[in-house]
Every structure is written in structure tokens, then in C-alpha cells.
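J.: pasting the sequence and the predicted coordinates here, then a few questions.
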Amino acid sequence: MNFRTSGRFPPLILDDIRGAQKMLSGVARVTAMEGSRHLTELVGAPVHLKCENLQRTGSFKLRGAYVRIAGLSPVERAAGVVAASAGNHAQGVALASALLGVRSTVFMPVGAPLPKVAATRQYGAQVRLHGHVVDETLAAAQEYAQETGAVFIHPFDHPDIIAGQGTVGLEILEQCPEVRTIVVGVGGGGLAAGIAVAVKALRPDVRIVGVQAAGAACYPPSLAAGHPVSIGSPTTMADGIRVGRPGDVPFDLVRDLVDEVRTVSEDELSSALLLCLERAKLVVEPAGASPVAALLSDPESFRGPVVALLSGGNVDPLLMQRVLTHGMVAAGRYLSLRLRLTDRPGALATLLAVLSVVDANVLDIGHVRTDPRLGLTEVEVELQLETKGPEHCEEVSTALRDAGYLVMG
């Protein structure tokens with residue numbers, strides 16, 4: 001595929017994305033666009049969810065991987081391909097290679113979630129576990145490419161990858177032609193760049209908003225500097241956008257075509273994931289929920305109709321459990337309290353009666369009797385409660401204080 005990056009809106013780039021769309025026909029799904037009543041009420045304008053979490057392999061990554069591998073020469077295909085990834089890109093490369101009859105090797109970190117490792121193998125790739133961080137895994141994959149002649153398939157820093165991901169933008173315009181704002185998660189920038197190229201060429205009035213996790217926000221300093229900047233060790237639960245440096249190829253496109261890049265906190269990501277599960281009935285990974293997190297953090301700043309791209313749904317069940325718990329805490333749905341009781345029969349029953357009146361659900365109770373700060377007849381009780389939100393948390397705390405309990409939080 002001949003891909004050029006000269007000029008602000010190069011027609012050839014749009015043609016490449018259209019060519020990629022034809023190439024992906026029958027390979028990648030045209031994923032659903034679902035309305036969100038809750039987000040619509042918050043934003044004050046229609047909000048739609050583009051469900052790439054329902055794509056084959058569970059994310060948009062199949063699109064770029066297939067276009068990239070399909071564009072290899074016969075000699076390159078015969079040498080096989082190699083990639084490095086902790087999850088989504090690994091599965092995209094594995095399935096794309098299998099569909100095209102190309103041998104694939106995927107390097108994954110030693111601590112990669114077992115379901116993602118198993119899925120990558122099931123799609124047909126040879127998986128090699130190496131390194132404890134992605135940088136080590138990436139270095140191993142590149143060394144393997146040099147030693148064997150296998151073609152290294154970068155997750156975002158290649159024109160064909162960007163062209164494949166850009167097909168999401170074409171689908172958004174086809175499914176929601178009245179769209180005014182598109183919100184997309186940003187890691188290395190391949191997805192945002194591809195969508196921006198496709199959308200701005202056809203609808204320059206549409207606003208593109210990129211979203212990064214605050215602990216892995218490599219684009220704001222890079223955009224300020226005018227070139228890609230490394231931020232060291234990115235830290236976020238959203239492993240799909242946990243990238244320490246923008247890609248060289250997508251950076252210029254993001255700089256020129258993406259209107260704004262925002263950041264969201266871990267609490268906002270957790271709350272967004274919880275909302276997707278509870279309100280939209282969609283399993284979405286933290287990176288995929290980042291556009292929803294941005295909408296939740298500042299809903300009035302988005303001009304509608306809005307399309308929020310749910311980029312992936314490959315979340316490890318153990319991480320899902322932790323994130324949902326964190327999200328419920330952030331949303332005021334859990335309340336942890338410590339208070340002191342007189343250690344006598346019936347004291348706990350009296351406390352539970354107070355909680356019952358205010359409709360607080362007790363999840364766990366712990367007793368501490370050996371703390372030297374306690375009096376001879378005192379016991380400290382630790383409560384884990386399920387509540388209905390911040391206002392209910394305050395109601396529970398007030399009821400306990402009114403009943404004479406010393407609430408220590």
C-alpha cells in the first residue's frame with residue numbers, strides 16, 4: 001500500500017483508508033453503534049457508543065494488523081511475522097496471520113494475563129514469554145526479527161496500521177452522519193491518527209478529542225514540544241493505552257488533525273468501566289472506557305451528537321474484579337468505616353439495626369480487641385458497606401453519629 005504523509009489532508013491517505021476498508025470486508029466486523037441514554041442526559045446531546053469491543057479478537061487491532069500483513073510481499077510473508085504485545089495487538093496479529101496463511105510469533109511479557117496468552121495461542125501464534133515490562137518484550141521481538149528475517153509488526157507506528165485503524169472513522173461517518181464530536185482513546189496514536197485522517201478529509205467540521213490516562217499521557221508534553229517525547233515509565237490500569245512515547249508516524253497526524261488531547265484519572269476510568277457494564281451492558285477494558293471517562297469528567301464540554309469509541313473489551317477477570325470494586329468506591333457505592341463499641345452482648349445487633357434503618361448493606365465486619373488504644377471494655381469494629389452513592393454514604397455516617405457512635409472513617 002502506497003501511503004504518503006505530505007500535506008494537511010492528503011487525498012491519497014483517504015484513498016488508502018478506503019482501500020483498507022475494502023480489504024477488510026468479510027474480515028473485520030462492522031461493529032454496532034449503540035445509543036446511551038445515561039450519557040445523553042449528562043451531555044445534553046445524543047451520545048452513541050461505537051462498539052469495537054465486539055470486534056473479532058475483542059478490539060480494533062485486527063484492522064491494522066490485517067492490512068499491514070496483507071500488504072507484505074510473498075518473500076516477506078514466507079519469512080513470517082513477529083510482534084510484541086501484552087494483549088490486543090498480539091491477538092490481532094495472531095488472527096490476521098492465520099487468516100492470511102502467515103507464520104506468526106508473538107512475544108508477551110511474563111506477567112501477561114493468562115486469558116490473553118491463551119487466546120493468542122488459540123488464534124495460531126507461537127507465543128514466547130519474555131521480560132517483565134513491554135519495553136523488554138519489544139526489544140526481544142525486534143532482536144528475533146533481526147535474527148530470523150521475520151517482519152516486525154509494530155502496534156501503531158506504521159502507515160498501513162494507521163490506514164486499517166482509520167476504517168473505524170469511515171464506519172462512524174456511515175453509521176452516524178450527523179456526528180459533531182468523536183472521542184477516542186490514545187496510546188501510541190495509530191487509532192486516533194487513522195480516524196482523524198478519514199473523518200477530517202470528509203467532515204472537517206467534526207471535532208476529534210483524544211483521551212489518555214493521566215499516568216501515561218505522552219501526547220500533551222510531545223505536542224507542547226513539537227515532537228515525540230518519552231515520559232519514562234507510564235503507569236495506568238489501562239494497558240491498552242499505556243505507552244511511554246508517541247509513534248513517529250502517527251504523531252504528525254495527531255498534531256495536525258486531532259483537535260484536543262485530554263487526560264482522565266484512574267478513578268474516572270474505573271467509574272466509566274462500571275457505567276459501561278451496568279448501564280450499557282457492555283464488557284469494556286479500561287483503555288476502551290477512556291472516552292466514556294472523559295465524558296463523565298466534563299460532560300458539558302462536548303458538542304453533540306457525540307460518538308465515544310469503545311476500542312476494546314479484553315479485560316482480565318481478576319483485573320475486572322479489582323477495577324469494578326475501585327469504580328464502585330469512586331462512585332460512592334462502597335463505604336468503609338471504623339467505630340468503637342462497648343464490648344457487651346447485643347452491642348453489634350444494635351449497630352446493625354441502625355444500618356438497617358438507613359438501608360446500608362453490610363458486606364463485611366471485622367473486630368479488633370487487642371489495640372492498646374482501646375479501653376478495657378471497648379472493641380473496634382471495621383465495616384464494609386454497600387451504599388447507593390455519595391449522598392447515601394453521608395446519610396449512613398450521619399445516622400451513626402446521631403446514634404452516639406464515634407465514626408473514625
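T.: Everything's here; your move.
J.: quick one: contacts of the one helix or strand Val127 maps to?
T.: Element membership for Val127, per DSSP states H and E: strand 126-129. Outside strand 126-129, the residues that touch it by C-beta atoms under 8 Å, 6 or more residues apart in numbering are 90, 103-110, 112, 117, 120-121, 140, 144. (C-beta placed from N, C-alpha, C; glycine too.)
J.: note down every partner strand of it and its orientation.
T.: Strand pairing for strand 126-129, using DSSP bridges, gives strand 104-108 (parallel).
J.: mean confidence score for the strand it pairs with?
T.: Averaged across strand 104-108, the pLDDT comes to 95.
J.: give the buried residues for that strand.
T.: The neighbour-count check on strand 104-108 (16 or more other C-beta atoms under 10 Å) flags 104-108 as buried.
J.: and stretch 116-125, by the same measure?
T.: 116-117, 119-121, 123-125.
J.: what average pLDDT does that stretch get?
T.: So the average pLDDT for stretch 116-125 ends up being 93.
J.: name the surrounding residues that touch it.
T.: Identification of contacts with stretch 116-125 by C-beta under 8 Å, 6+ apart yields 57, 86-87, 90-91, 93-95, 97-98, 104-106, 108, 127, 129, 314, 316.
J.: for the stretch 1-150 of the chain, which segments count as strands?
T.: Counting by DSSP state E, counting those that start in this stretch, the stretch 1-150 of the chain has strands at residues 33-35, 47-51, 81-84, 104-108, 126-129.
J.: got a list of contacts for stretch 387-395?
T.: By C-beta under 8 Å, 6+ apart, stretch 387-395 touches 331-335, 358-361, 396.
J.: quick check: mean pLDDT of stretch 223-232?
T.: 93.
J.: could you tell me the end-to-end distance of it?
T.: One end of stretch 223-232 to the other measures 16 Å (C-alpha to C-alpha, to the nearest Å).
J.: for stretch 235-253, same thing?
T.: From the first residue to the last, stretch 235-253 extends over 25 Å; the measure is C-alpha to C-alpha.
J.: now do stretch 145-160
T.: Across stretch 145-160, first to last residue, C-alpha to C-alpha, it's 19 Å.
J.: tell me how far it is from the chain's mean position?
T.: Distance of stretch 145-160 from its chain centroid, counting by C-alpha atoms, centre = their mean, to the nearest Å, is 24 Å.
J.: list the buried ones in it?
T.: Neighbour counts over stretch 145-160 (16+ other C-beta under 10 Å) mark 145, 150-151, 153-160 as buried.
J.: so where is this protein shaky, pLDDT-wise?
T.: 1-12, 133, 327, 369, 371-372, 374-377, 409 (pLDDT under 70).
J.: and the residue nearest the centre of this protein?
T.: Ala287 (0.8 Å; C-alpha atoms, centre = their mean).
J.: help me confirm that that residue comes into contact with Val264.
T.: No - taking contacts as C-beta atoms under 8 Å, Ala287 lies outside contact range of Val264: 10.8 Å.
J.: just the helices in the stretch 151-300 of the chain please.
T.: Counting by DSSP state H, counting those that start in this stretch, the segments of the stretch 151-300 of the chain that form helices are 159-175, 190-202, 219-225, 248-257, 266-278, 290-297.
J.: ok, which of those helices comes nearest Arg344?
T.: Nearest to Arg344, of all the helices of the stretch 151-300 of the chain, is helix 266-278, at 39.9 Å by C-beta to C-beta.
J.: circling back to that earlier point, tell me which two of the contacts of stretch 387-395 sit farthest apart.
T.: Ala331 and Val358 (18.3 Å).
J.: more crowded one of the two?
T.: When Ala331 and Val358 are compared for neighbours, Ala331 comes out ahead with 19 against 15, by other C-beta atoms under 10 Å.
J.: sorry, back to before: spatially, which two of the buried residues of stretch 145-160 are the most separated?
T.: Maximum distance among the buried residues of stretch 145-160 (C-beta to C-beta): 19.7 Å, for Ala150 and Pro159.
J.: could you pull out the strands for the stretch 251-400 of the chain?
T.: 260-264, 306-310, 334-342, 361-368, 378-386.
J.: okay, those in CSV with mean neighbour count next?
T.: CSV is the format used below for these (neighbours: other C-beta atoms under 10 Å):
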stretch, mean neighbour count
strand 260-264, 21
strand 306-310, 29
strand 334-342, 16
strand 361-368, 12
strand 378-386, 17
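J.: surely Pro291 and Gly312 touch.
T.: No - at 11.7 Å, Pro291 does not count as touching Gly312 under the criterion of C-beta under 8 Å.
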